[in-house]
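Student: coords please:
(chains A and B)
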Number of protein chains: 2
Amino acid sequence: MRRTRPFRLPALLLAVVVVAALAACSGSTRGPAPLTAADPMPPAEWAIAIHGGAGTIPRDIDPQRKADYVAALRSALELGSRALADGERAVDVVETVVRSLEDDPLFNAGRGAVYTHEGTHELDAAIMDGRDLSTGAVAALKTVRNPISLARLVMERSPHVLLVGDGAEVFADEMKVERVAQDYFHTEQRREAWQRALERKQQQDDKDTVGVVARDVHGDLAAATSTGGLTDKRFGRVGDVPIVGAGTYADNRTCAVSATGKGEEFIRHNVAHTISTRMDFLGESVETAAEAVVHRTLKPGDGGVIAVDARGNLALVFNSQGMYRGAADSNGRFEVAIWEDWE
Amino acid sequence: MRRTRPFRLPALLLAVVVVAALAACSGSTRGPAPLTAADPMPPAEWAIAIHGGAGTIPRDIDPQRKADYVAALRSALELGSRALADGERAVDVVETVVRSLEDDPLFNAGRGAVYTHEGTHELDAAIMDGRDLSTGAVAALKTVRNPISLARLVMERSPHVLLVGDGAEVFADEMKVERVAQDYFHTEQRREAWQRALERKQQQDDKDTVGVVARDVHGDLAAATSTGGLTDKRFGRVGDVPIVGAGTYADNRTCAVSATGKGEEFIRHNVAHTISTRMDFLGESVETAAEAVVHRTLKPGDGGVIAVDARGNLALVFNSQGMYRGAADSNGRFEVAIWEDWE
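Tutor: Next comes the predicted model:
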């Protein structure tokens, strides 16, 4: 028996080395990560995440105001969940839910948009369909009630992907979308924030940008994001929201992402697309990829992201004090939150 | 002696397995790829690549016109090479060379920009500094002689990274950059192309976008791109050029990239940033990463890219019939080309 021992030790070593080498290699595996022990639930038939912006949200926020935000998030999440459960397409659902958030004056998108330095409102939005990477975006809009729907029309009814300013307004004329006067976007809260910004001569976080990502029952992904941008921004400034790859991205092979926070940092680091490529090139899960980008690539306080993968796994990750958010899926998850703990 | 043989075979096997495992793993190695046998030259102290657009460039182009393009590319390449050899910073050199190409009416950037559907000119540009990912971009400019220099000022003198339309013009007022009337951008050739596009009712390739990437003697990378966009484009349309991550990207850790071609495809696939992440996450060389994106991710005819890595390796890759381009480095390379073969 002793003669076999010399073989055994190297054979064991061999096995250890192969396993270690394969483990070291796992970072380069292509395609979606396999289900792991950390995924006790079966893949969701549908899943949705929403955000209403990330930033410095004081814990001692007025209780009524907090209740208003929670109710608004629940309402939007219900709208999206019902539509997905009814079999609606992800790209339709993200548009519908973002429209509802644009119409809600609590959020910095559509009605309730912040003031520019010049005292006007300028709106940006983007939508992307993970089925074929088709995408549409608009920036520096002044009169369009629902920027996300004009972004959708850019995607489907123009040969372009990004229209800005007066040219986008002319396109809005042709598409006959609903128009409003600038005072439609006004809220007293945003006007006061602008006044305070002018006095302090510094810009504010754009903490109430809205976004939605969804995985539908057909297995398709989509993302949509809409914002009024930064309080006191220079007019003509475009943040990350309408920049495909920065604030918005969707690819059925990887994930759908919508971001919120300091737009310039999200552009510089191509945040949404980096989460997608980490999954594609490093084989990371949507949660691991989102955490790597938010906690390692970005700086504390920059903001956060919501993301969903092709199996309906959701990631809601932020490095700011809070992020208005909600998550729901066909396995019964339904929750909204503002700070680290879920409500 | 025979007693040691059982150890030797497994030890050899072990070595083979480890080497094979490491080879299999090389795809996930971080950082620049090592020099290989295919790199006979030492790393370049400086290197530069330029492009004047990619697209359908007929082989039977008028000989005088071809000579004009070759002379213009040589002139721009000499300007950049001299500056880099003199120790100038990459970010300064890419701006200087793009300015010279903007001033040349041969190219679709600055003077010589194409006509929009409405018969106007609208200019886009972006610059990125690989040292710290600082970046600036402008879109839908109407009166700025050198858009690339306004993009540089957005990077250095504003808190934003992208300014568009009238807001960008107001910023240009404050920065006191040189302004011109719209007819400064006029060339008879572009007017005729616009007329032909109107008659055929279809858009043209924006084949003469300009771009420069450089690696300076300090080891820093930068990229700059400038364009008049698509002939007959809808006004307000923004292509890939000012979209950081799509048409322009620079990161000292990986590469600097400038793209040219069908802008919407370059946005959808985040072309410039994908080349950077392939190098970062898959350990590919700049050449391999650029070829993967141009030949596998994009479709034939979409366009091309120029890229440089931190060692001064250059990649000039396109899938269209031609790409006006030039490459030079401190090892004595100096060449320009239009089609597959170098001149």
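Student: in which helix or strand would I find the residue nearest the centre of chain A?
Tutor: The residue lying closest to the centre of chain A (Cα atoms, centre = their mean) is A:S258, at 1.4 Å. Under the criterion of DSSP states H and E, A:S258 resides in strand A:255-261.
Student: That strand packs against which elements?
Tutor: For strand A:255-261, the elements it packs on are strand A:47-55, strand A:210-215, strand A:221-227, strand A:248-250, helix A:271-282, helix A:286-292, strand A:303-309, judged by 3 or more Cβ pairs under 8 Å, 6 or more residues apart in numbering or on different chains; DSSP states H and E. (C-beta placed from N, C-alpha, C; glycine too.)
Student: how far away is the residue nearest to the centre of chain A from chain B?
Tutor: Using Cβ to the nearest Cβ, to the nearest Å, A:S258 is found at 16 Å from chain B.
Student: Ok, which of the helices and strands packed on strand A:255-261 comes nearest B:Y324?
Tutor: Closest of these to B:Y324 is helix A:271-282, at 28.3 Å (criterion: Cβ to Cβ).
Student: which ones are touching A:M128?
Tutor: Counting by Cβ atoms under 8 Å, 6 or more residues apart in numbering or on different chains, A:M128 makes contact with A:134-135, A:155, A:222-224, A:244, A:248-250, A:256.
Student: before we move on, back to that, with only the CA atoms kept, save the strand holding A:S258 in PDB.
Tutor: Provided in PDB are the C-alpha atoms of strand A:255-261 (Å, rounded to 0.1, in the frame of the first residue of the first chain):
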ATOM      1  CA  CYS A 255     -29.300  43.500 -17.200                       C
ATOM      2  CA  ALA A 256     -31.300  46.700 -17.300                       C
ATOM      3  CA  VAL A 257     -30.000  49.600 -15.200                       C
ATOM      4  CA  SER A 258     -31.300  53.100 -14.200                       C
ATOM      5  CA  ALA A 259     -29.000  55.400 -12.200                       C
ATOM      6  CA  THR A 260     -29.500  58.500 -10.100                       C
ATOM      7  CA  GLY A 261     -27.000  60.800  -8.500                       C
END
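Student: quick one: average pLDDT of it?
Tutor: Averaged across strand A:255-261, pLDDT comes to 96.
Student: after it comes which helix or strand?
Tutor: Proceeding N to C from strand A:255-261, the next assigned helix or strand is helix A:263-268, under DSSP H and E.
Student: Would you pull up how far that following helix lies from the middle of the chain?
Tutor: Computed by Cα atoms, centre = their mean, to the nearest Å, the separation of helix A:263-268 from the middle of its chain amounts to 14 Å.
Student: For chain B, what's the nearest residue on the stretch 201-343 of chain A?
Tutor: At 1.4 Å from chain B, A:G236 is the closest residue in the stretch 201-343 of chain A, using Cβ to the nearest Cβ.
Student: Quick check: chain neighbours aside, which residue is closest to that residue?
Tutor: B:G167 (1.4 Å; Cβ to Cβ, 6 or more residues apart in numbering or on different chains).
Student: Would you pull up how far whichever strand or helix holds the one you found lies from the middle of the chain?
Tutor: Assigned by DSSP H and E, B:G167 belongs to helix B:165-175. In terms of Cα atoms, centre = their mean, the centre of helix B:165-175 is found 25 Å from the chain centre.
Student: So what touches it?
Tutor: Outside helix B:165-175, the residues that touch it by Cβ under 8 Å, 6+ apart are A:140, A:164-167, A:234-237, B:138-144, B:150, B:153-154, B:157-158, B:163, B:179, B:236.
Student: Could you pull up the contacting residues of A:F266?
Tutor: By Cβ under 8 Å, 6+ apart, the contact set of A:F266 is A:239-240, A:243, A:246-247, A:259, A:272, A:298, A:302-303.
Student: One more pass at 7 Å, please.
Tutor: Contacts here follow Cβ atoms under 7 Å, 6 or more residues apart in numbering or on different chains; on that basis A:F266 touches A:240, A:246-247, A:259.
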